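Trainee: just a sequence and a predicted model for now, questions to come.
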Amino acid sequence: MAIRIYVTMQALPGKGPELVKLRASRHAEVRKDPGCEQFDLFQNTEDPDQLLLVERWTDEASLQAHYALNRPQIGVELRAGSGKQERYVIE
């Protein structure tokens, strides 16, 4: 059963483009994780400081393996708050 995750995040004023650029290499790295089907960061066209991370994992085990890698956060200093995560199951 696949898992889809949506994470909304807000960059500090004027820092959205910088945050997207800073995270790009990490996202390319995560896409190579076993079970990762999607790991993309989208930037809002009306508010470039509003971002949406969209993830898709083949199953819970692959997602947990990804979490277990415990990679350091990138760009935290450019974010306004911690963001919000929503998880959905795909049958």
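Mentor: Cool, the structure landed.
Trainee: next SSE after the helix or strand Glu29 falls within?
Mentor: Using DSSP states H and E, Glu29 maps to helix 16-30. Using DSSP H and E, the helix or strand that follows helix 16-30 towards the C-terminus is strand 36-43.
Trainee: what about that following strand, average pLDDT?
Mentor: For strand 36-43, mean pLDDT is 97.
Trainee: buried ones in it?
Mentor: Judged by neighbour count (16 or more other C-beta atoms under 10 Å), strand 36-43 contains these buried residues: Cys36, Phe39, Leu41. In short, each C-beta sits where N, CA and C put it, glycine included.
Trainee: off-centre distance for the very next helix or strand once past it?
Mentor: Moving toward the C-terminus from strand 36-43, the next helix or strand (DSSP H and E) is strand 50-57. How far strand 50-57 lies from its chain's middle: 5 Å, per C-alpha atoms, centre = their mean, to the nearest Å.
Trainee: same question, stretch 45-63
Mentor: For stretch 45-63, the distance to the chain centre is 4 Å (C-alpha atoms, centre = their mean).
Trainee: and that stretch, end to end?
Mentor: Terminal residues of stretch 45-63 lie 29 Å apart, using C-alpha to C-alpha, to the nearest Å.
Trainee: got the buried residues for that stretch?
Mentor: Those buried within stretch 45-63 under the rule 16+ other C-beta under 10 Å are Asp49, Gln50, Leu51, Leu53, Glu55, Arg56, Trp57, Ser62, Leu63.
Trainee: what angle sits between the helix holding Glu29 and strand 50-57?
Mentor: 10 degrees (axes from the mean of the first three to the mean of the last three C-alpha atoms, to 10 degrees).
Trainee: alright, that wraps it up for me.
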